[in-house]
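[1] Following is a predicted model, sequence given first.
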Amino acid sequence: MADLFDTSTRDPNAAAAGPRPLADRLRPRRLSEVIGQSHVLSPEGPLGAMLAAKSLSSLILWGPPGVGKTTIARLLAAETDLAFVQISAIFTGVPDLKKVFESARIRRQNGQGTLLFVDEIHRFNKAQQDGFLPHMEDGTILLVGATTENPSFELNAALLSRAQVIILERLSLVDLELMAQRAEKELGRALPLKGEAREAMLEMADGDGRALLNLIEQAAAWKTDHPLSRDELSKRLMRRAARYDKSGDEHYNLISALHKSVRGSDPDAALYWFCRMLEGGEDPRFLARRLTRMAVEDIGLADPQAHDVCLACWQTYERLGSPEGELALANAVVYLALAPKSNGVYVAYKAARAAARETGSQMPPRHILNAPTRLMKDVGYGAGYAYDHDAEDGFSGQDYFPEGMKRPVFYAPPERGFERELRKRVDYFAKLRVKRQGG
């Protein structure tokens, strides 16, 4: 009896009598037919090099939906004469895995290896992931896992150490156009679309080849006596929802893009990523919090008002709610992007924290300690303290660091924004300190 999960023995034309989706009909038969992913499939790429050396290792294919993960895995098995077995982590339990491993063991005894393709491998828990390790190590299976999530966060270190991560990229508009041309050839007719509508359809797919073929299949079935315009297309097709997981990899990618665009003083890019997150369903309160963080981390005292602007816009959002309140946050985005940038205090804070950890047991100098009891006075607490208001220029120049600790310099304000003025003050007090201590 054939293995329940083994697709290597099935007749690819078994379903020929029934309707086959366009995506299935256009599935490449060899790696050279795969659209996109040349960075890994070319002779210089990691997969191309492995095949040329006839030494394929276990792999984790990481990339967005519809970029060819399943197809590449299937073709790798064909190129290396391995039986192709496909399972999904969503529908496969421990008893099923045991059957798969036992079938692979028997197959190996009969002289054939097994490429086990695990879709959505990040859905397996830690114990299930550990279950693959002995079978990978003894050669029973060659594992190819597919995931849309960052393997660093979702897969065990032990599993990652035994597999090479291959990053697949979303398909470009050029790749999608080539796929559309192949589809038209398979269908035997051109799509009933004007040039602008065709471009709009490619954009709707958002880098997902499977999504594009589904759109093409819909468009090809339309009965129309003229090529459709962009507006006519948009009435018949809904734009594919942007890929965004508020708790996953895309969440962190987009907030990183927003933060770096603000830091890079690019208001247009900052607004774009801000809106991408809103369109994906991000909580505006999370964005308000992160904007406030940007104000204190990347602008700081170069523009002290930036912090107040963020808090005011955050409060305005809380009062207005959505969708009107998002405009207040957009104001904060633009203000932060155009504000002078400084991480002077941020750098000083981290350096001071490091110094505090290293010298955390040292006492303050006695002259700045209060002496509420006679004993404290007798041991020198408060002795020699100079009251700054009584000193010339209101500055005594005394040392406030622990005795014996070399005076460090943490805060070095740059010549930007309001910190130009603070720089003058730092230099002023530094000169006075030298003068007072020298006297």
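    Cool, got the structure.
[2] ok, longest helix in the protein?
    helix 419-438 (DSSP state H).
[3] Not counting that one itself, show me its contacts.
    Helix 419-438 is touched from outside by 300-302, 340, 342, 344, 391, 393, 395-399, 411-415, with contacts defined as CB atoms under 8 Å, 6 or more residues apart in numbering. All C-beta atoms are positioned from the backbone trio N, CA, C, and that covers glycine.
[4] please redo it, this time with the cut-off set to 6 Å
    Helix 419-438 is touched from outside by 301-302, 342, 395, 397, 413, with contacts defined as CB atoms under 6 Å, 6 or more residues apart in numbering.
[5] How far does it sit from its chain's centre?
    In terms of CA atoms, centre = their mean, to the nearest Å, the centre of helix 419-438 is found 44 Å from the chain centre.
[6] and if you look at stretch 141-148?
    21 Å.
[7] So what touches it?
    58-62, 69, 73, 104, 114-119, 121-122, 132, 135-136.
[8] List the buried residues of the longest helix of the chain.
    419, 422-423, 432-433, 436 (16 or more other CB atoms under 10 Å).
[9] so which of the residues you listed would you say is closest to residue 374?
    Distance to residue 374 across those (CB to CB) is lowest for residue 436, with 30.5 Å.
[10] Quick one: the strands in the stretch 51-200 of the chain, in order.
    Assigned by DSSP state E, counting those that start in this stretch, the strands in the stretch 51-200 of the chain fall at 59-62, 83-88, 114-119, 142-147, 164-167.
[11] For the most centrally placed residue in the chain, which three-state class applies?
    The centre of the chain sits closest to residue 253, judged by CA atoms, centre = their mean, with a distance of 3.0 Å. Here residue 253 is recorded as helix under DSSP: H, G, I helix; E, B strand; the rest coil.
[12] For it, give its distance to residue 61.
    18 Å (CB to CB, to the nearest Å).
[13] Now do the residue lying closest to residue 364 once chain neighbours are set aside against residue 421, distance only.
    In space, and not counting its chain neighbours, residue 364 is closest to residue 402: 6.4 Å by CB to CB, 6 or more residues apart in numbering. According to CB to CB, residue 402 and residue 421 sit 30 Å apart.
[14] How about residue 146?
    According to CB to CB, residue 146 stands 56 Å off from residue 421.
[15] Put together JSON lines for the strands of the stretch 51-200 of the chain, with mean pLDDT and mean neighbour count on each row.
    Compiled in JSON lines, the strands of the stretch 51-200 of the chain are given as follows (pLDDT from 0 to 100; neighbours: other CB atoms under 10 Å):
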{"stretch": "strand 59-62", "mean pLDDT": "96", "mean neighbour count": "25"}
{"stretch": "strand 83-88", "mean pLDDT": "95", "mean neighbour count": "19"}
{"stretch": "strand 114-119", "mean pLDDT": "96", "mean neighbour count": "26"}
{"stretch": "strand 142-147", "mean pLDDT": "95", "mean neighbour count": "25"}
{"stretch": "strand 164-167", "mean pLDDT": "94", "mean neighbour count": "16"}
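[16] any chance of those in CSV, with distance to residue 262 too?
    Output for the strands of the stretch 51-200 of the chain, formatted as CSV (distance: least, CB to CB, whole Å):
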stretch, distance to residue 262
strand 59-62, 28
strand 83-88, 40
strand 114-119, 37
strand 142-147, 30
strand 164-167, 27
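[17] Between these, which one is closest to residue 24.
    Of all those, strand 83-88 comes closest under CB to CB, at 14.1 Å.
[18] now for the closest one, which elements pack on it?
    With contacts taken as 3 or more CB pairs under 6 Å, 6 or more residues apart in numbering; DSSP states H and E, strand 83-88 sits against strand 114-119.
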